[in-house]
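# here are the coordinates; sequence isn't available:
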């Protein structure tokens, strides 16, 4: 077998990179649990007809077949076919319906799993990546205050990552009711077409969007200009509400829906200014392409890395799922963990202090005395110190080099009365300083910062 | 959408079950890291031609195609096709080759991921399940002592699960050199055919195996009987070695290879008797179907649940991978986590003390005063106490019932001077005992056993 090459779009990390990813995931999980979210996992596959309910993603689905299966048979019966999930929302909706009788609502869950999208690799997009989602879903109703709470949970989670060296974030929020109320107040009824146009603002600029709104959404140049004025509103406090209200009055676009949306957006911005100052920004150009959002919508940029796009997005949906008799509204956000970690590593923003969990390498004096080294290792592990035993009874210099190459900070020499180079008593060497001290395996502990690999800001 | 039904072979857990699975995974990860194994993850897919190198598993592979792709195009070029990995060994071998220049050997890694097999669901087998693997792989050579170490790491990991209520295990070991040396000494050269026959002993019994050995492996009835005699040898100490040696002498089947294997098996059993008494058993009928094992082989049964089959298997392979210039021998074991957890849950062996991480529900006096409850929750979380705020300002009785239904042990009432039913000072109620005490959010801590859900023996 020749040396294989990486598959484009399927990121994998070396052990040191995986330590960074694992720390990020641990911090997220810890924060979600502190906020009372229960962890679940769903299977990787869903029936194809469920995955295709949102038409726009159909091109991204990976379809499965068993190797021995007739490739034609599957196509004839699409309902029986399985595809890999492309997000964690579709499987969560199915899980809620399937298990509704066993869940207490409002149900708070987090879910950290891989998802797959059959993207063209030349787009530079991942085809396999990790998402970390939180959602609250109600049975029948879900109060607005969850739309305030959930982005603040994410602010907490992403804020906790700053200790690892992750840059600060800005969570950009908007409210569908504001946008829809304003557009309808202007006289534009094809709200989805307007949203699709505004969603392209960063890509094609205001002139391009104006053209789209006139061409696709049936807007007059004046209406298009008003939509662009709304999209330009941005701010960190409730004064945003007044600016939008004034704008709507100027354009005769005030509606009840707009007022309802402004009330919600104002409450969100006010709460955020108090509980997570500087993190949350009302940004009226945030549209989110997906048509199932019905209230707040969220996107998140990593400050200084805005080119990365949103690393945490979501919103409120009035119908996450419905089984005919009951409707389940929800609100949720999803962190693109692979996108974030990939940037942390490629831009050299963070690093692991070592690439192995091991704090101590126990040297081996001779293969006959390996059991003495094994016993020391067992005693250290019993006290929570990650330890391994040297691969061979090579010269001590070579064993120290083995530890050095793996980033293991301490080498332990087992005391020996024989004349084979080992000290008379157990000694441990900090191979960074060269300092070597007499020790006892039942009491010695490494400095806390050396116990496990840590993730720290690089540079 | 009608209520969906579970997909056969794709297990999913309710939140309480996921807590059990997560605890099991946390204990395994912790143990593997204590032993100096670095965690890695590999992508879910491998090129189909790599997955099919072991012919016998071809029927189990799930092949992927993008939905918009011509289903015929893929078949024409199998090399470009991707399949889901069916174990973690094939991807690990590929990872080692791909990254050999960045890894320090012997490389110790653990890997906890889902794998997929396109099994017929009527077999009652999982089509998606979690495996937890450890392997040590060397560059060019790998000393025998790792064949002693790795099952003892698993004994440690599975032993650590006993605190959660998991039954004890027996790790059954054999050595391919013993089996092959004995068979060749008898004059049987089709070693693989003999192993395949012996592997069926539990299923078809000794008479059936004897028939197979005569029919498929070219054995005389006397040779078949000798193979069955060897398979019947079992013991927890080095006396096993003497019994096999005596058996071989009686049948004139002594060979150098047999002696080499007996030396290894004896060393393993002796070390295990000292370091994990009662856990490891030499069992000469353990064959393992896969032809790439070349030394020690391992299987593991859960005591009292032998019908479940092996929950942790593996062995030594002289060629995990090879890139032409370098060969990578290894030894590893893999825990079938889903199989284990599924039994723990279905047999009611363990349970989670609650199904949510939340320790405290902060009651809400009125929607206007929700921010006061949010502030208490933030103060508790800042001190590591998982907390959520009540969904609505319902009557306190209803809020307590909400906590009770979710298994949240404590309800917090925020002090209030208004006459709306709230106490004058903050109070917390243990809803199991009904005891309610005045508290301060900056100092109160729940009892340690209530801080997080725990996994305990059921019954």
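The structure has been received and is ready for your questions. In this text, all values refer to a predicted model and were calculated from it rather than measured experimentally.

# any stretches of chain A with poor pLDDT?
A:1-2, A:54-59, A:70-79, A:121-124, A:289-291, A:417-421 (pLDDT under 70).

# got the contact list for the helix or strand hosting residue A:171?
Assessed by DSSP states H and E, residue A:171 sits inside strand A:169-175. Residues outside strand A:169-175 that contact it (C-beta atoms under 8 Å, 6 or more residues apart in numbering or on different chains): A:151, A:154-155, A:158-159, A:261-262, A:264-265, A:268-269, A:272, A:279-287, A:295-303, A:311-312. No exception for glycine: its C-beta is placed from N, CA and C like everyone else's.

# stretch A:449-457 now?
Contacts with stretch A:449-457, where a contact means C-beta under 8 Å, 6+ apart, come from A:19-20, A:23-24, A:164-165, A:349-357, A:359, A:384-386, A:407, A:409-410, A:445, B:33.

# how far is it from where the chain is centred?
Stretch A:449-457 has its C-alpha centroid displaced from the chain centroid by 22 Å (C-alpha atoms, centre = their mean, to the nearest Å).

# check which residues of the host helix or strand of residue A:342 are buried.
According to DSSP H and E, residue A:342 maps onto helix A:337-346. Within helix A:337-346, the residues that qualify as buried are A:337, A:338, A:339, A:340, A:341, A:342, A:343, A:344, A:345, counting by 16 or more other C-beta atoms under 10 Å in any protein chain shown.

# for that helix, packing partners?
helix A:15-34, strand A:128-137 (3 or more C-beta pairs under 8 Å, 6 or more residues apart in numbering or on different chains; DSSP states H and E).

# show me what the helix or strand following it pairs with in its sheet, parallel or antiparallel.
Counting by DSSP H and E, the next helix or strand C-terminal to helix A:337-346 is strand A:350-352. Using DSSP bridges, the strands paired with strand A:350-352 are strand A:455-457 (antiparallel).

# identify each buried residue in the partner strand, please.
Those would be A:455, A:456, for strand A:455-457 by 16+ other C-beta under 10 Å.

# returning to that earlier point: and the contacts of stretch A:449-457, which are buried?
Members of these classed as buried by 16+ other C-beta under 10 Å are A:19-20, A:23-24, A:164-165, A:349-352, A:354-357, A:359, A:385-386, A:407, A:409-410, B:33.

# how distant is the helix holding residue A:342 from the center of its chain?
For helix A:337-346 - counting by C-alpha atoms, centre = their mean - the centre lies 10 Å from the chain centre.

# residues in contact with it?
Contacts for helix A:337-346 (C-beta under 8 Å, 6+ apart): A:11, A:13, A:17, A:20-21, A:24-25, A:28, A:112, A:126, A:128-132, A:165-166, A:302, A:305, A:308-309, A:311, A:349-350.

# buried ones among those residues?
Using 16+ other C-beta under 10 Å, the buried members of the contacts of helix A:337-346 are A:11, A:13, A:17, A:20-21, A:24-25, A:28, A:112, A:126, A:128-132, A:165-166, A:302, A:305, A:311, A:349-350.

# got the contact list for residue A:165?
With C-beta under 8 Å, 6+ apart, residue A:165 has these contacts: A:344, A:349, A:350, A:455, A:456, A:457, A:458.

# setting aside sequence neighbours, what's the nearest residue to the last one?
Spatially, and ignoring its direct neighbours in sequence, residue A:458 is nearest to residue A:351 (4.3 Å; C-beta to C-beta, 6 or more residues apart in numbering or on different chains).

# what about the one you found, distance to chain B?
From residue A:351 over to chain B the distance is 15 Å, taken as C-beta to the nearest C-beta, to the nearest Å.

# make sure that residue is actually in contact with residue A:20.
Yes. With contact defined as C-beta atoms under 8 Å, residue A:351 counts as touching residue A:20 (7.4 Å).

# any idea which element whatever residue of the stretch 101-250 of chain A ends up closest to chain B lies in?
Closest contact between the stretch 101-250 of chain A and chain B, by C-beta to the nearest C-beta, is at residue A:118 (3.6 Å). Using DSSP H and E, residue A:118 falls within no helix or strand.

# and it, how many neighbours?
Counted with other C-beta atoms under 10 Å in any protein chain shown, the neighbours of residue A:118 add up to 23.

# that one: what's it in contact with?
Counted by C-beta under 8 Å, 6+ apart, residue A:118 has contacts A:59, A:60, A:61, A:62, A:127, B:66, B:67, B:68, B:69.

# mind putting these into TSV with neighbour count?
Output for the contacts of residue A:118, formatted as TSV (neighbours: other C-beta atoms under 10 Å in any protein chain shown):
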residue	neighbour count
A:59	14
A:60	22
A:61	23
A:62	28
A:127	25
B:66	19
B:67	18
B:68	11
B:69	14
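
# closest one to residue B:370 out of those residues, please.
Comparing the contacts of residue A:118 against residue B:370 with C-beta to C-beta picks out residue A:60 as the nearest, at 39.6 Å.

# look up how far residue A:308 lies from the residue nearest to residue A:458.
19 Å (C-beta to C-beta, to the nearest Å).

# check contacts around the closest residue to chain B within the stretch 301-450 of chain A.
Nearest residue of the stretch 301-450 of chain A to chain B, counting by C-beta to the nearest C-beta: residue A:388, 3.2 Å away. If you count contacts by C-beta under 8 Å, 6+ apart, residue A:388 has them with A:358, A:360, A:361, A:362, A:377, A:408, B:35, B:36, B:108.

# repeat for residue A:33
A:39, A:110, B:357, B:386, B:452.

# now render the residues you listed as TSV, adding distance to residue B:213 and secondary structure.
Shown next, in TSV, are those (distance: C-beta to C-beta, whole Å; DSSP: H, G, I helix; E, B strand; the rest coil):
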residue	distance to residue B:213	secondary structure
A:39	50	strand
A:110	54	strand
B:357	56	coil
B:386	60	coil
B:452	55	coil
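
# what helices or strands is the helix or strand containing residue A:374 leaning on?
Per DSSP H and E, residue A:374 falls inside helix A:370-382. The contact analysis (3+ C-beta pairs under 8 Å, 6+ apart) places helix A:370-382 against strand A:360-362, strand A:387-389, strand A:410-413, helix B:145-160, helix B:256-275.

# measure residue A:81 to residue A:61 for me?
Taking C-beta to C-beta, one finds residue A:81 at 10 Å from residue A:61.

# can you list the domains in chain A?
Annotated domains of chain A cover A:15-351, A:360-457 [automatic domain parsing].

# between these, which gets nearest to residue B:145?
domain A:360-457 (6.3 Å).
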